[in-house]
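make a model of this:
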Amino acid sequence: MADRHVVQRTALIVGLGNYTHPTTRHSIGQYVLPPLLECVQAHDSRVRAHLARTVTRLPPEAPRYTLPPPTPIEPFTLSRKAQGWLAHACVLLDSLPPKGASARRAPGFRVDACPYVHMHLVLYIPRLLMNVNGLGVRAVLAQLPELGITDTLLVHDELQRTFGQVAFKAGGSAAGHNGVRSVQDVLRCHGTVRQEPDIARVRIGIGRPADGRVSEYVLGPMPPEWRAACEAQVNTDPASTRHAQSAAPVLQAVWHHIQQWCLARVAAT
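Presented below is the predicted three-dimensional model:
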């Protein structure tokens, strides 16, 4: 049971890259998706453990709401119709702002108006080269008719930020990224500049090469410390959340932005 109502949503998370070169800098958006499943599972366990303690402290007359049970993760499997690999995971998110947040001081704020969000995440890695990743995104959306552009989030590399910096972008220009440009061209989501929808992104910084040879740099292998920052095991012990957040900083930053985007979509509706 839960102490507040629960809403259910679905979202598509796409890792852009070259499937033939999975450990290069240019494919870091795809590289983080498999270990992201561990973040999802750990987060769901922590929220449910906290909620179980909360419900036991409720007074007898307090309302209680049905909570969907935990759902096993479906690991990545190849889908020829979707032209890539698909994984499925459900996670319980809490839209209640933390104590001390300015949102709690807003006029009309009510705790009972902040639902738990049972989010079904579909993770997708196109089995295509970067320049035609958009064809894969179109193919997977055709398999998920309930989802559209506004339900889709791209995860990709970015030259403008150093490694370790992860940022969210609601839409706008592709900034020279061929994978993003392919998605925009195929799905017609270039944003307001063409009076089209925007597509959201999480950008993982990879920095620029000192010698200016961008093509060789992005297609070069990720250093071992980069891979460690994206693939470290996540501690699922609820008492060790601080350690879990420092174990894989890039992975945790990507997961943080995905959570915020999911909750913002719920708030907007």
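
helix, strand or coil for V14?
Per DSSP: H, G, I helix; E, B strand; the rest coil, the local secondary structure of V14 is strand.

same deal with G100?
Per three-state DSSP, the local secondary structure of G100 is coil.

what does V7 give?
In the three-state summary, V7 is assigned as strand, counting by three-state DSSP.

excluding chain neighbours, what is closest to it?
Nearest residue to V7 in three dimensions, chain neighbours excluded: P115, at 4.8 Å (Cβ to Cβ, 6 or more residues apart in numbering). Every C-beta, even on glycine, is put in place using the N, C-alpha and C of the backbone.

that neighbour is in contact with R9, isn't it?
No. If you go by Cβ atoms under 8 Å, P115 and R9 don't touch, sitting 10.1 Å apart.

joint contacts of these two?
V266 (Cβ atoms under 8 Å, 6 or more residues apart in numbering).

more neighbours, these two?
Under the neighbour definition other Cβ atoms under 10 Å, P115 and R9 were set side by side, and P115 has more, 20 against 16.

contacts only, for the more buried one.
Contact criterion Cβ under 8 Å, 6+ apart gives R4, H5, V6, V7, S95, V266 as the residues in contact with P115.

likewise Y217?
For Y217, the residues meeting the contact criterion (Cβ under 8 Å, 6+ apart) are R25, R208, P209.

ditto for H120
Under the criterion of Cβ under 8 Å, 6+ apart, the contact partners of H120 comprise Q8, R9, T10, A11, H88, A89, C90.

where does it sit: helix, strand or coil?
strand.

give me the below-cutoff pLDDT ranges for the chain.
Counting by pLDDT under 70, the chain contains low-confidence ranges at 232-247.

and the gap between the spatially closest residue to W226 that is not a sequence neighbour and L123?
Nearest residue to W226 in three dimensions, chain neighbours excluded: F163, at 6.0 Å (Cβ to Cβ, 6+ apart). The spacing between F163 and L123, counted by Cβ to Cβ, to the nearest Å, is 22 Å.

more neighbours, these two?
Each of F163 and L123 had its neighbours counted (other Cβ under 10 Å), and the higher figure belongs to L123 (25 against 19).

what kind of secondary structure is the more buried one in?
Reducing the assignment to helix, strand or coil with three-state DSSP, the entry for L123 is strand.

I'd guessed it sits against G29; true?
No. Here L123 lies out of contact with G29, judged by Cβ under 8 Å, at a distance of 11.4 Å.

who touches both of these two?
Each of G15 lies in contact with both L123 and G29 under the rule Cβ under 8 Å, 6+ apart.

and whichever helix or strand Q259 is part of, what's buried?
Q259 is part of helix 249-268, with elements assigned from DSSP states H and E. Counting neighbours by 16 or more other Cβ atoms under 10 Å, one finds that the buried residues in helix 249-268 are 250-255, 257-259, 261-263, 265.

distance to S215 for those residues - can I get that in a markdown table?
As requested, the buried residues of helix 249-268 are exported to a markdown table (distance: Cβ to Cβ, whole Å):
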| residue | distance to S215 |
| --- | --- |
| V250 | 23 |
| L251 | 27 |
| Q252 | 30 |
| A253 | 26 |
| V254 | 25 |
| W255 | 30 |
| H257 | 28 |
| I258 | 29 |
| Q259 | 34 |
| W261 | 30 |
| C262 | 34 |
| L263 | 38 |
| R265 | 36 |
